[in-house]
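Asks: this one's structure only:
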């Protein structure tokens, strides 16, 4: 039996979300159809608003509805301690720890020659400019241990060589290819405490 066209279209859209397969997409869409129309409209509008209003912070590249995100605007944060991350999902993982008082820099991707992604295609130029304007900076490289993560780490290290910048990285104890935002809080906290100079 085939679904009505509108239902099938909704299921196809849901199934494109990472981590949601065909069966989960069906369950989500059918569950939404049982909701009041006002709830479904509010749900749809929340997605539209998020898509239209959220964008990259002018300073760090994190997700925000303002020009500058709450973290960069917070004067109590240590501006000279910058954790470099692949995407904004990882920022939320670090913030859940509750004991990191530095700032972040979201690259929005990793260098990947095989995918034709170079340094100019990710948020690196603003990182270089940012660290050169600060004193006694420590960069914590918190990228996944993959070929792309290593290439990006080595590029950052090379481009900032000779600058008065301490560059550390999370230890290799993090499983190969692990996504930062999927690590449990204890592992992430331990990795942050055990970071190594590179």
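Replies: Cool, the structure landed. Remember, predicted model here, so these are calculated numbers, not experimental data. Residues are numbered from 1 along each chain as shown.
Asks: Pull out the buried residues from stretch 98-118.
Replies: By 16 or more other Cβ atoms under 10 Å, the buried positions in stretch 98-118 come out as 100, 102-107, 109-112, 117. Where you see a C-beta, it was placed from the backbone N, CA and C, and this is true even at glycine.
Asks: Could you dump those into TSV with pLDDT added?
Replies: Converted to TSV, the buried residues of stretch 98-118 look like this (pLDDT from 0 to 100):
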residue	pLDDT
100	91
102	95
103	97
104	97
105	97
106	97
107	97
109	94
110	95
111	94
112	92
117	93
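Asks: Closest one of those to residue 56?
Replies: residue 106 (7.2 Å; Cβ to Cβ).
Asks: Just give the closest residue to that closest one, not the sequence neighbours.
Replies: Distances taken as Cβ to Cβ, 6 or more residues apart in numbering place residue 61 nearest to residue 106, at 3.6 Å, with adjacent residues excluded.
Asks: quick check, that neighbour in a helix?
Replies: No. Counting by DSSP: H, G, I helix; E, B strand; the rest coil, one finds residue 61 to be coil, located in no helix.
Asks: what sits against it?
Replies: Residues in contact with residue 61 (Cβ atoms under 8 Å, 6 or more residues apart in numbering) are 88, 105-108, 123, 126.
Asks: separation between it and residue 131?
Replies: Using Cβ to Cβ, to the nearest Å, one gets 14 Å for the distance from residue 61 to residue 131.
Asks: Also residue 12?
Replies: From residue 12 to residue 131 the distance is 44 Å (Cβ to Cβ).
Asks: In the chain, which strand is the longest?
Replies: In terms of residue count, the longest strand belonging to the chain (DSSP state E) is strand 78-85.
Asks: and the next helix or strand after that one, what's its mean pLDDT?
Replies: Downstream of strand 78-85, the next assigned helix or strand under DSSP states H and E is helix 88-97. Averaging pLDDT along helix 88-97 gives 90.
Asks: So what's the gap between the helix or strand just after helix 88-97 and the chain middle?
Replies: For helix 88-97, the succeeding helix or strand toward the C-terminus, using DSSP H and E, is strand 102-106. In terms of Cα atoms, centre = their mean, to the nearest Å, the centre of strand 102-106 is found 10 Å from the chain centre.
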